[in-house]
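> Next come a sequence and a model predicted from it.
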Amino acid sequence: MAHVSAATVTRRIEALERQFGFRLFDRLPDGVRLTREGKWVLDAAQKMEQASVGLRRFLDQDITTRGVIRCAVTEGLGTYWILPRLVEFNRANPYSVIDLDCTMNVMDVGRMEADLAIQLVRPTSPDLKVVKLGRFHIYPFAAPKYLEIFGTPKSKADLSRHRIIDQVSPQIAEGFLEKLIGLQSIEGVVALRTNSSSAHFYAIEHGIGIGVLPTYAIPLGADVVPLDLGIRQEVDIWLTYHPDVRQVPRISLFVDWLKDIFDPSKYPWFRDEFIHPLDLMRWRPNGPAVAVEPARGVIAHPPNIEEAVPVAA
């Protein structure tokens, strides 16, 4: 029921009860409880859902016919990391259509809202397959032109005299930024608040204010400067899917491909251990050099990126 308000859910339940002619829930002072009939309907719905997954597995065995892979992923990872690398998967699997849902809402793969999801919150359902893809490291950054105008903060305390970019979303805990940068409140220093990862990044790169980004922004070509203020946060990246969809060949191929493009041994910014953003500048894609300077406000994505290798000092 992602993206659906409580009032909408209530109206739909009441409509179902009118259609069935019996109550699905008992309304209690402390919430709701399934009735006997409601439990029967839930059991039947779960069996229908399992049958639907089984039918999908049966019908979608031939990867030489067109089929869809529904992948939900956080906006930043989907836009800046997965999308540029989909070229290689697309060319190797021309009959697979990728439905890439870049969203910060948590999608319920158990209810088949997506075939698989890449998210920052570890799922707790025992019915799902959960794989840790890697970890990214959050660090404060500012654009050179911002620092030219407002100066470079030397400590957390200095941030109270600067302009801050804040991102809010369902996968970011409330008060995360305040706790991270050590301010009781950021309301007096917020220059921009957004729910969009791309807007958040561009606001920082265009000099609106200081914000936190994954350290991989540096090897991808972001025109930002890391700020050494004793601020750092690790965030694990989780891949989750219903175990049965792994038996769909095209989805199985996609899962293996995802594991490869997040492989920390190839891409050091996804390692558990922290690597300073400036040290990541020593790494470059293992592929042809990019001769054209990327446009301002655009992260550079070199073609044929297969593995990051250190550049000789």
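Yep, that arrived.
> low-scoring stretches of the chain, by residue?
1-4, 46, 49-63, 110, 284-313 (pLDDT under 70).
> how does it divide up, domain by domain?
Following automatic domain parsing, the chain resolves into domains at 13-50, 67-135+236-285, 136-235.
> Just the buried residues of the first one, please?
Looking back up the chat, that one is domain 13-50. 17, 23, 24, 25, 38, 41 (16 or more other CB atoms under 10 Å). (C-beta placed from N, C-alpha, C; glycine too.)
> which of those residues lies closest to residue 5?
residue 25 (17.3 Å; CB to CB).
> so the closest one makes contact with residue 36?
No. Counting by CB atoms under 8 Å, residue 25 sits too far from residue 36 to count as a contact (11.3 Å).
> Tabulate the domains of the chain (JSON lines), appending distance to residue 7.
Below are the domains of the chain laid out as JSON lines (distance: least, CB to CB, whole Å):
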{"stretch": "domain 13-50", "distance to residue 7": "11"}
{"stretch": "domain 67-135+236-285", "distance to residue 7": "18"}
{"stretch": "domain 136-235", "distance to residue 7": "18"}
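> Where do the strands of the stretch 51-200 of the chain begin and end?
According to DSSP state E, counting those that start in this stretch, the stretch 51-200 of the chain carries its strands in the segments 67-73, 96-102, 116-119, 129-142, 164-167, 190-194.
> Same list (those) but as JSON lines, adding mean neighbour count and distance to residue 283.
Shown next, in JSON lines, are the strands of the stretch 51-200 of the chain (neighbours: other CB atoms under 10 Å; distance: least, CB to CB, whole Å):
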{"stretch": "strand 67-73", "mean neighbour count": "21", "distance to residue 283": "23"}
{"stretch": "strand 96-102", "mean neighbour count": "16", "distance to residue 283": "25"}
{"stretch": "strand 116-119", "mean neighbour count": "24", "distance to residue 283": "22"}
{"stretch": "strand 129-142", "mean neighbour count": "20", "distance to residue 283": "14"}
{"stretch": "strand 164-167", "mean neighbour count": "23", "distance to residue 283": "26"}
{"stretch": "strand 190-194", "mean neighbour count": "16", "distance to residue 283": "29"}
